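Engineer: show me the folded form of this:
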Amino acid sequence: MKTTEYDVIVIGGGAAGLSGALALARSRRSVLVIDDGQPRNAPAGHVHNYLTRDGTPPSEIYAIGREEVAGYGGQFATGTVTAVRRGDGFTVELADGTTYQGRRILVTSGLTDVLPDVPGLAEQWGKDVLHCPYCHGWEVQDQAIGVLATSPQAVHQAQMFRQLSDDITLFLHDSIELTDEQWEELAARQIAVVQGRVEQVEVVDGKLTGVRLEGGKVIPRDALTVQTVLRSRAGFLIDLGLKTAVLEMAGSVYGDAIEVDAKGETAVPGVFAAGNVTDPMGQVLHAAGAGLRAGAAINGDLIAEETRLALAARGS
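Structural biologist: Residues are numbered from 1 along each chain as shown. Modelled structure (predicted):
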């Protein structure tokens, strides 16, 4: 067993975690970033809508961020966090039994995209199976795009991708029933609608070529977009009594997240969170900004504590 104490332990080494760690390290705080090396956007070839970094591979952004944090004295550990417990500060335990002590915790562990149970989807995820028109829409513009319905939001998703291509097909997949108004709207935008359950995704030489329906009919497609269920990676916080909140949109559950205040602090004093674990819809740039805000709030919180202790030591 190994125990080392830090001012702040950051759980997660993506954009939010590295941004928070950078702010803290520049404030001369001792910071440890723990990361398992499995970022949500690992399957994606490039990050988009990140000003000055558009088109950069995620791994390159994270490598640069780690160098910057290390340049100010920040430290790193590779591993999977299994538990966080409160005592004299916080104890963070890794899967290999290593423990670290921290005065404050910044949770930036992100989320996991849960895909529908359709054969072929997972293998093409991040390639030609997509979810966000802002992240990947430009790259599939003017292609034959399918939208696999998993909730009523699929209609909105189809309308967004219609901005990028004239050839959009919405596969209802027995997931939703359209209203008369929705049928009219889709027809007005010339969005095709296919009823029936999707059986699998057709792939040839590593590239998506179509969508197979039950019964065998194949609809040729170059890309397929789907709304995933967004599950926060926060199970290790259970010992703190910190639970995630269920997120709904248009009456359908689309994920869960840790609730935080404007500073990024959770319901457990001393535990802060930022990035997709609190904001599943946020992109990389949003996550970086939230991490910076939380890092600054943590530094302010530590300053307030140190001031109280200094006053007590003087007998004031």
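Engineer: now the helices for the stretch 151-300 of the chain?
Structural biologist: Along the stretch 151-300 of the chain, counting by DSSP state H, counting those that start in this stretch, helices occupy 153-162, 180-188, 284-314.
Engineer: which other residues reach the first one?
Structural biologist: What it means is helix 153-162. 133, 137, 145, 147-149, 168, 170, 172, 175-176, 178, 182, 185-186, 189-191, 225, 227, 249-250, 252, 254 (Cβ atoms under 8 Å, 6 or more residues apart in numbering). Just so you know, the C-beta spots here come from the backbone N, C-alpha and C atoms, and that holds for glycine as well.
Engineer: and that helix, which residues are buried?
Structural biologist: If you call a residue buried by 16 or more other Cβ atoms under 10 Å, then helix 153-162 has these buried ones: 154-155, 157-159, 161-162.
Engineer: again, but for stretch 120-138
Structural biologist: 120-121, 124-133, 135-137.
Engineer: among those, which lie within helices?
Structural biologist: 121, 124, 133, 135-136 (DSSP state H).
Engineer: just to revisit the earlier point, pick the most buried one from the helices of the stretch 151-300 of the chain.
Structural biologist: Neighbour counts (mean count of other Cβ atoms under 10 Å) averaged over each of these peak at helix 153-162, with a mean of 20.
Engineer: tilt between it and helix 180-188?
Structural biologist: For helix 153-162 against helix 180-188, the angle by axes from the mean of the first three to the mean of the last three Cα atoms, to 10 degrees is 20 degrees.
Engineer: helix 153-162 - what's its average pLDDT?
Structural biologist: Here helix 153-162 scores 95 as its mean pLDDT.
Engineer: and if you look at stretch 45-59?
Structural biologist: 89.
Engineer: same thing with stretch 275-282?
Structural biologist: pLDDT averaged over stretch 275-282 gives 94.
Engineer: gap between that stretch and the chain center?
Structural biologist: Put simply, stretch 275-282 sits 5 Å off its chain's centre (Cα atoms, centre = their mean, to the nearest Å).
Engineer: what comes into contact with it?
Structural biologist: Contacts of stretch 275-282 (Cβ under 8 Å, 6+ apart): 12, 14-17, 40, 107-111, 230, 232-234, 247, 254-255, 257-260, 264, 286-287, 290-291.
Engineer: hmm, back to that, show me just the buried residues among the contacts of helix 153-162.
Structural biologist: Of the contacts of helix 153-162, these count as buried by 16+ other Cβ under 10 Å: 133, 137, 145, 147-149, 168, 170, 172, 175-176, 178, 182, 186, 191, 225, 227, 254.
Engineer: among those residues, which are in strands?
Structural biologist: Here DSSP state E is the test, and those give 145, 147-148, 168, 170, 225, 254 as lying in strands.
Engineer: returning to that earlier point: tabulate the helices of the stretch 151-300 of the chain (a markdown table), appending distance to E68.
Structural biologist: Shown next, in a markdown table, are the helices of the stretch 151-300 of the chain (distance: least, Cβ to Cβ, whole Å):
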| stretch | distance to E68 |
| --- | --- |
| helix 153-162 | 34 |
| helix 180-188 | 47 |
| helix 284-314 | 12 |
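Engineer: among the contacts of stretch 275-282, name the buried ones.
Structural biologist: 12, 14-17, 40, 107-111, 230, 232-234, 247, 254-255, 257-258, 260, 264, 286-287, 290-291.
Engineer: tell me the pLDDT at the closest residue to Q190 other than its chain neighbours?
Structural biologist: Spatially, and ignoring its direct neighbours in sequence, Q190 is nearest to D166 (7.1 Å; Cβ to Cβ, 6 or more residues apart in numbering). Listed pLDDT for D166 reads 97.
Engineer: same check, this time on the one 4 residues further on
Structural biologist: Per-residue confidence for L170 comes out at a pLDDT of 97.
Engineer: check contacts around it.
Structural biologist: 146-147, 149, 154-155, 158, 186, 191-194.
Engineer: one more time with 7 Å, if that's ok
Structural biologist: Counting by Cβ atoms under 7 Å, 6 or more residues apart in numbering, L170 makes contact with 147, 149, 154, 158, 186, 191-193.
Engineer: got TSV for those, with distance to T82 too?
Structural biologist: TSV is the format used below for the contacts of L170 (distance: Cβ to Cβ, whole Å):
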residue	distance to T82
V147	38
A149	36
A154	36
A158	41
L186	47
I191	46
A192	47
V193	46
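Engineer: between the residues you listed, which sits nearest F90?
Structural biologist: A154 (41.3 Å; Cβ to Cβ).
Engineer: distance of the closest one from F161?
Structural biologist: Noted for A154: a distance of 10 Å to F161, by Cβ to Cβ, to the nearest Å.
Engineer: ok, now E305?
Structural biologist: Distance of E305 to F161, given as Cβ to Cβ: 49 Å.
Engineer: again with V92
Structural biologist: V92 is 41 Å from F161, by Cβ to Cβ.
Engineer: low-confidence regions, the chain specifically.
Structural biologist: Scanning the chain for pLDDT under 70 picks out 1-3, 316.
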